[in-house]
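Q: Give me a 3D structure for the following:
(one chain, ligands or ions: 1)
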Amino acid sequence: MNKNAKIYVAGHRGLVGSALVRSLKQGGYSNLLTATSKELDLRDQAAVRAFFERERPDHVFLAAAKVGGILANNDFPADFIYQNLMIEANVIESARLAGVEKLLFLGSTCIYPKMAPQPLKEEYLLTAPLEPTNEWYAVAKIAGIKLCQAYQRQYGCKYISAMPTNLYGPEDNFDLESSHVMPALIRKFHEARVRGAPTVTVWGTGKPLREFLHVDDCAAACLFLMDHYEGEEIVNIGVGEDLSIAALAGLVKQAVGFEGEIVFDTDKPDGTPRKLVDVSRINGLGWQARIPLEEGIASTYRWFLANGE
Ligand code: GDP
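A: I've put the predicted structure just below:
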């Protein structure tokens, strides 16, 4: 990307979008384009077309999405599938019509089959059934990948897709009902410590394995792919290492300084048993994650104390 290129970050207030804006600014890109959901409803086709016609960005990072954790996906399936399909279809078609040079679509590792072998290789996409708790979101994200591939084939658009593993960091959603596990645990352990509560409840059995990538690493990977990758195939973004939810709870407990007990609520769902991505494709292209998990948890907790409470 040219330093003066007009770069549209869709979803700039979200976890990934805000990290992209931070990374782009740090990298000296000064011509950034953003719009809040009030200014531009990405589900509104006419509004999105008019926005692209008027602004004509050179590059687009498509980080806008309706996102949420395991319960939110279960409770609001229609919102998750409908809103994500609309956002992707509107942005990708409008980008083509407005001559956008390159677009990076952000997916998620929940696009992979529930029982796929681990680590998850990019070619496992669409080889077996999805995890039912988040299949609504996953089906919409798979449609986004297929849109990029179809636009490459039919129109020669350089529209690529990246699949980040579970992300965490500043600007995450710390709402206990709708958040993912990392921000939920940071908040639960913090509040328990402040209240002097004897226990913290962690959902599920604690046995599922997850991989966690700091969102600043994810943003760095996206900038790297925008500059160095043009393939039709999807690219995983991850660290290549995972840990159990119980072990994660132990790390968060330590970072927060909570001294009570951890209890597991097995009435809550575990979700997919393991989710670890194979990072050989992106490593082979020349990119690697840098932020160690313990350091990332500590800095995210500091951010939560300063902003999130
Ligand atoms: P997933 O990676 O798509 O399954 O989504 P989550 O990040 O929401 O959940 C990951 C795992 O953490 C699941 O096994 C959850 O049951 C478990 N978990 C434990 N405690 C919590 C919590 O307080 N909130 C959430 N969202 N998940 C939790």
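
Q: Now tell me which helix or strand of the protein has the poorest mean pLDDT.
A: helix 70-75 (a mean of 85; mean pLDDT, DSSP states H and E).

Q: can I get the CA coordinates of it in PDB?
A: The C-alpha trace of helix 70-75 is given here as PDB (Å, rounded to 0.1, in the frame of the first residue of the first chain):
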ATOM      1  CA  ILE A  70     -21.200 -18.800  22.100                       C
ATOM      2  CA  LEU A  71     -24.400 -17.800  23.800                       C
ATOM      3  CA  ALA A  72     -25.100 -14.800  21.700                       C
ATOM      4  CA  ASN A  73     -24.800 -16.900  18.500                       C
ATOM      5  CA  ASN A  74     -27.100 -19.500  20.000                       C
ATOM      6  CA  ASP A  75     -29.700 -16.900  21.000                       C
END
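
Q: quick one: buried residues of that helix?
A: 70, 71, 72, 73, 74 (16 or more other CB atoms under 10 Å). C-betas here are computed from N, CA, C, even on glycine.

Q: Let me know whether residue 16 touches residue 62 as I believe.
A: No: contact criterion CB atoms under 8 Å: residue 16 and residue 62 do not qualify, at 9.9 Å.

Q: Overlap of the contact sets of the two?
A: residue 106 (CB atoms under 8 Å, 6 or more residues apart in numbering).

Q: For this structure, which segments are assigned as strands?
A: Ranges of strands within the chain are 7-10, 32-33, 59-62, 102-106, 158-164, 166-168, 199-203, 209-210, 212-214, 235-237, 243-244, 261-265, 274-275, based on DSSP state E.

Q: Low-confidence bits of the stretch 201-309 of the chain, can you list those?
A: For the stretch 201-309 of the chain, the stretches flagged by pLDDT under 70 are 308-309.

Q: residues from it in reach of the ligand?
A: 202, 203, 204, 208, 210, 245, 268, 269, 270, 271, 272 (CB under 6 Å from any ligand atom).

Q: how many other residues sit next to the second one?
A: Going back to what we said before, that points to residue 203. Residue 203 has 22 neighbouring residues, counting by other CB atoms under 10 Å.

Q: What segments of the chain are helices?
A: Here the chain has its helices, by DSSP state H, at 15-26, 45-55, 70-75, 77-97, 135-155, 181-195, 215-228, 245-256, 280-285, 293-303.

Q: and those as TSV, adding distance to residue 118?
A: Below are the helices of the chain laid out as TSV (distance: least, CB to CB, whole Å):
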stretch	distance to residue 118
helix 15-26	23
helix 45-55	37
helix 70-75	19
helix 77-97	25
helix 135-155	17
helix 181-195	18
helix 215-228	20
helix 245-256	16
helix 280-285	13
helix 293-303	18
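
Q: Residue 163: neighbour count?
A: 24.

Q: what does the stretch 1-150 of the chain have sitting close to the ligand?
A: So far as CB under 6 Å from any ligand atom goes, the stretch 1-150 of the chain lies against the ligand at 69, 70, 110, 134.

Q: from memory residue 232 sits against residue 149, does it?
A: Yes: using CB under 8 Å, residue 232 is in contact with residue 149, at 5.1 Å.

Q: Tell me which of these two has more neighbours.
A: residue 149 (17 against 13).

Q: Surely residue 203 touches residue 271?
A: No: using CB under 8 Å, residue 203 is not in contact with residue 271; the gap is 9.2 Å.

Q: Mean confidence (pLDDT) on stretch 177-192, please.
A: For stretch 177-192, the mean pLDDT works out to 95.

Q: follow-up on the earlier one: what are the contacting residues of the least confident helix or strand of the chain?
A: 80, 133, 134, 136, 137, 177, 178, 203, 268, 269, 271.

Q: which residue sits closest to residue 257 in space, ignoring its chain neighbours?
A: Closest residue to residue 257 apart from its sequence neighbours, by CB to CB, 6 or more residues apart in numbering: residue 193 at 6.0 Å.

Q: low-scoring stretches of the stretch 51-200 of the chain, by residue?
A: In the stretch 51-200 of the chain, no residues with pLDDT under 70.

Q: switch to 90 and redo it
A: Along the stretch 51-200 of the chain, segments meeting pLDDT under 90 span 68-74, 114, 131, 133-134, 177-179.

Q: I'd guessed residue 161 sits against residue 146; true?
A: No: counting by CB under 8 Å, residue 146 is not a contact partner of residue 161; they are 9.2 Å apart.
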